[in-house]
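Chemist: A structural model of the following input is requested.
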Amino acid sequence: MARPKQFDPDIAVEQAMEVFWRKGYAATTPQDLVEALGIGKGSLYNTFGSKHALFEQALNRYIDIRLRVLSELMEGPTPVKGRLREALGFMADEGVQGCMIVNTAGELAGTDEAAVRTVRRDFDLAEAAFRALIEEGQRSGEINPQRDPVALGSLLLNTMVGLRLLARIDAGPDRLYRVIDATIDSL
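Modeler: Numbering: from 1, shown residues only. The predicted structure follows:
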């Protein structure tokens with residue numbers, strides 16, 4: 001008879017997310033995961049199948065959390081440019097740990113197609129959210145309606161990725177908010 005699980009797999013995914021986020025995929029060992037999750041190696045593999053399968057779940061959890069917050073920041077009655085500034089500010093606020101999505105893109109691009117597909121999906125969703133907010137701003141007269149909303153959505157995605165990288169090496173918010181303000185002003 002199989003023993004019942006002594007841990008909550010959802011909590012374990014959250015804990016694994018923290019480890020992968022801090023260390024990266026390659027530098028995270030199964031032993032790191034076992035220690036962080038407080039489970040045995042057998043439970044790790046029986047529940048998640050592999051380190052990579054757990055990584056995929058952790059990356060998807062990270063994306064879900066970030067997209068939920070981003071969506072909340074982008075909704076509301078405040079002016080569009082203010083919401084864009086808040087959203088970009090949130091994206092820049094990852095600190096020296098960086099963004100797990102951008103970190104994954106940098107670490108695994110070209111070597112892990114599944115991870116790249118997941119990162120690409122996140123980038124596509126973020127870009128679509130930016131484009132929708134640009135279009136709302138164009139309808140309200142806050143953003144020049146002659147500008148291409150698809151191109152501006154791509155610009156904001158690129159700004160978001162750049163901010164996340166810059167945040168890893170630049171401890172102060174001054175430079176980050178100069179980039180954010182210049183980007184918003186360019187719309």
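Chemist: where does pLDDT dip in this protein?
Modeler: For the chain, the stretches with pLDDT under 70 are 1-5, 95, 171.
Chemist: could you point out the longest helix in it?
Modeler: In the chain, taking DSSP state H as the definition, the longest helix is helix 113-140.
Chemist: elements contacting that helix?
Modeler: helix 51-74, helix 80-92, helix 100-108, helix 149-169 (3 or more CB pairs under 8 Å, 6 or more residues apart in numbering; DSSP states H and E). In short, each C-beta sits where N, CA and C put it, glycine included.
Chemist: list the buried ones in the third one?
Modeler: Neighbour-count burial for helix 100-108 flags M100, I101, V102, N103, T104, A105, L108 (criterion: 16 or more other CB atoms under 10 Å).
Chemist: now that helix against helix 113-140, angle please.
Modeler: 140 degrees (axes from the mean of the first three to the mean of the last three CA atoms, to 10 degrees).
Chemist: the first one now?
Modeler: With the same axes, to 10 degrees as the criterion, the two stretches helix 51-74 and helix 113-140 enclose an angle of 10 degrees.
Chemist: about what we covered before: relative to helix 149-169, how tilted is the longest helix of the chain?
Modeler: Going by the same axes, to 10 degrees, helix 113-140 is angled at 120 degrees with respect to helix 149-169.
Chemist: just the CA atoms of stretch 129-145, as PDB, please.
Modeler: Output of stretch 129-145 as PDB, limited to C-alpha atoms (Å, rounded to 0.1, in the frame of the first residue of the first chain):
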ATOM      1  CA  ALA A 129      -1.700  43.300 -22.700                       C
ATOM      2  CA  PHE A 130       0.500  46.200 -23.500                       C
ATOM      3  CA  ARG A 131      -1.000  46.500 -27.000                       C
ATOM      4  CA  ALA A 132      -4.600  46.500 -25.500                       C
ATOM      5  CA  LEU A 133      -3.700  49.200 -23.100                       C
ATOM      6  CA  ILE A 134      -2.100  51.300 -25.900                       C
ATOM      7  CA  GLU A 135      -5.300  50.900 -27.900                       C
ATOM      8  CA  GLU A 136      -7.300  52.100 -24.900                       C
ATOM      9  CA  GLY A 137      -5.100  55.100 -24.600                       C
ATOM     10  CA  GLN A 138      -5.500  55.900 -28.300                       C
ATOM     11  CA  ARG A 139      -9.300  55.700 -27.900                       C
ATOM     12  CA  SER A 140      -9.200  58.100 -24.900                       C
ATOM     13  CA  GLY A 141      -6.800  60.500 -26.700                       C
ATOM     14  CA  GLU A 142      -4.000  59.900 -24.200                       C
ATOM     15  CA  ILE A 143      -1.800  58.200 -26.800                       C
ATOM     16  CA  ASN A 144      -1.300  59.400 -30.400                       C
ATOM     17  CA  PRO A 145      -3.800  57.400 -32.500                       C
END
